[in-house]
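In: Sequence and predicted structure, then a few things I'm wondering about:
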Amino acid sequence: MAAADAMPELATAAAVSTPEPPSKRPKTAHSPPVCNDVPAAGGSSSGSEPSSSISTATPSPTSSLTAAAPPQLSLQELRALSPLPPSALTLDGAEAHCKVAEEEAGAAAAQQRLLAVTDEGEGRCDASDTALLELPEEVLHLLLGHLSAEELCLLGAACHRLAEVTSYEPRWRQLFASRFGATAGLAARAAQLAGGWKRLYLNKCEALRRTQPWVTPGSYEVAALLDVMRNPTGRSLGLVFLVDGSGSVSEPDFNAMTTFLKEAVFELERCHRTLHVGILQFSDEVRIELELTVMDYQRFAKVVDSMVRMNGGTNIASAILRAQQMFEANVEELKLHGEADPLNRVEPPESNAVVLLTDGRLDGTQSSEAVLKARKIATELPNMATYALGVGRSIDQSSMRRLVFAGDSQAYTRASSADVDAAAIAELGDPDAASSSSVADNRYLGLRILKPHCW
């Protein structure tokens, strides 16, 4: 009886579970599937290829879904709904937009792939990254061109291979130029002293980190300037420092100048047999802090430490004229001393240099007069060079670069004073001229600068 009673229940369950024939199922509309299978190669059984990856044809009898036809939109409606710019909705515009998008996606993927390598650490890379590291260096350099300096340093710590690749000098030179400016002149010499653009970049960043928001040079840049100053023969050099003590120079600025004086003389004394040094401080007037004499560093350091800022205006022309008088008086004194005591004769300077430390903030008349005095000293004294170091707020770099070029004796032909002036005036009319810019790039350095947007 139990088995007989169960039979109707089993029959009823079987009837419920039996699927209806396709012809009896109700036809209901559904949204088209998100993804459709791609037709097999060779197309459909009828031999015709589908015109779209999303089929709008009537589904087969075995399909449980009926795809609804997509709505037909006008071009104006498509443009209104599309997140792309209107130009991308034309054939040419779409191709261009897709190309840019592919390049950006490829660069981003390459950057993420390269940075993922650093997760391995400990100077080795995972075996899965072998294919990446075996790429030709040209390809790797192209990929690394999308990375910042910080990312390159991070990536270079992953393994020896990447440390070598991420030290690619042309890329670090580009990074230096994009952040700090020109890579010619002192910058190029500093890179040589540092052993490469990467080391110079990191050295410069460390200097900025210590002095922000003030912009200061790295140790290699200062060494490059002193390298240009020195006499190549190593025998004798004459230096007169012109220190700006005007009211536009703050006490920290003045301290930066005096610190540089001691560091520069300490280094230059080591690479010269005889060093003649003098110091002038100027504002409205000129004050002699140290007469031009043979170097005694202990005495020099005491004089520098005892200097007090004068305050007042900025009379660079008078300071340059007084420097010329110091050079000429020194030559006469050494000549008389040598004649009086030939056995203790002091070697006169083979080359001379004026080192100007200032913010260079002059009006038009003062600037023109200073240029004339710089030209005068360069044409009347042999082997004369002028150097400028910018210190303070709102540096007038243009005026200082003019002074540097005008004070270079090698920039003039010595046919006659009139010819020299004509050539100089023509050249100085364009401070960015090739010869003027080349000289200034090697003889100007920002020592302690605060850019206008920082204050």
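Out: Nice, I can see it.
In: Count the neighbours of the residue nearest to residue 200 when sequence neighbours are not counted for me.
Out: Among residues not flanking residue 200 along the chain, residue 194 sits closest, at 4.2 Å (Cβ to Cβ, 6 or more residues apart in numbering). In this view, the C-beta of every residue, glycine as well, is placed from N, C-alpha and C. With neighbours defined by other Cβ atoms under 10 Å, the count for residue 194 comes to 21.
In: Need the pLDDT of residue 194.
Out: At residue 194, the model reports a pLDDT of 97.
In: can you check residue 440 too?
Out: 84.
In: Spell out the secondary structure type for it.
Out: Put simply, residue 440 is helix when judged by DSSP: H, G, I helix; E, B strand; the rest coil.
In: The residue lying closest to it once chain neighbours are set aside: neighbour count?
Out: In space, and not counting its chain neighbours, residue 440 is closest to residue 401: 3.9 Å by Cβ to Cβ, 6+ apart. Residues lying near residue 401 (other Cβ under 10 Å) number 23.
In: tell me which element residue 401 is part of?
Out: helix 397-406 (DSSP states H and E).
In: do the same with residue 353
Out: Residue 353 belongs to strand 351-358, assigned by DSSP H and E.
In: List the strands paired with that strand, with their directions.
Out: Next to strand 351-358 in the sheet, as set by DSSP bridges, lie strand 236-244 (parallel), strand 384-393 (parallel).
In: Got the phi and psi for residue 347?
Out: phi -70, psi 120 (degrees, to the nearest 10).
In: just use 30 as the starting number from now, easier for me
Out: I'll keep to 30 as the first residue from here, and by that count the last item is residue 376.
In: returning to that earlier point: now do the helix or strand just after the strand holding residue 382: which elements does it pack against?
Out: Once strand 380-387 ends, the next helix or strand along the chain (criterion: DSSP H and E) is helix 393-409. Judged by 3 or more Cβ pairs under 8 Å, 6 or more residues apart in numbering; DSSP states H and E, helix 393-409 is in contact with helix 345-369, strand 413-422, helix 426-435, helix 446-457.
In: Export stretch 372-391 to PDB, keeping only CA atoms.
Out: Output of stretch 372-391 as PDB, limited to C-alpha atoms (Å, rounded to 0.1, in the frame of the first residue of the first chain):
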ATOM      1  CA  LEU A 372     116.000  86.600  -3.400                       C
ATOM      2  CA  ASN A 373     112.600  87.000  -1.800                       C
ATOM      3  CA  ARG A 374     110.800  88.000  -4.900                       C
ATOM      4  CA  VAL A 375     107.000  87.300  -4.800                       C
ATOM      5  CA  GLU A 376     105.500  85.900  -8.000                       C
ATOM      6  CA  PRO A 377     102.800  88.300  -9.400                       C
ATOM      7  CA  PRO A 378      99.500  86.900 -10.500                       C
ATOM      8  CA  GLU A 379      99.400  85.300 -13.900                       C
ATOM      9  CA  SER A 380      95.700  85.700 -14.100                       C
ATOM     10  CA  ASN A 381      93.200  87.900 -12.200                       C
ATOM     11  CA  ALA A 382      89.600  87.600 -11.300                       C
ATOM     12  CA  VAL A 383      86.800  89.800  -9.800                       C
ATOM     13  CA  VAL A 384      84.200  87.800  -7.900                       C
ATOM     14  CA  LEU A 385      81.000  89.700  -7.400                       C
ATOM     15  CA  LEU A 386      78.500  88.600  -4.700                       C
ATOM     16  CA  THR A 387      75.200  90.500  -5.000                       C
ATOM     17  CA  ASP A 388      71.500  90.500  -5.800                       C
ATOM     18  CA  GLY A 389      72.300  92.600  -8.800                       C
ATOM     19  CA  ARG A 390      69.300  94.900  -8.300                       C
ATOM     20  CA  LEU A 391      70.300  98.000 -10.200                       C
END
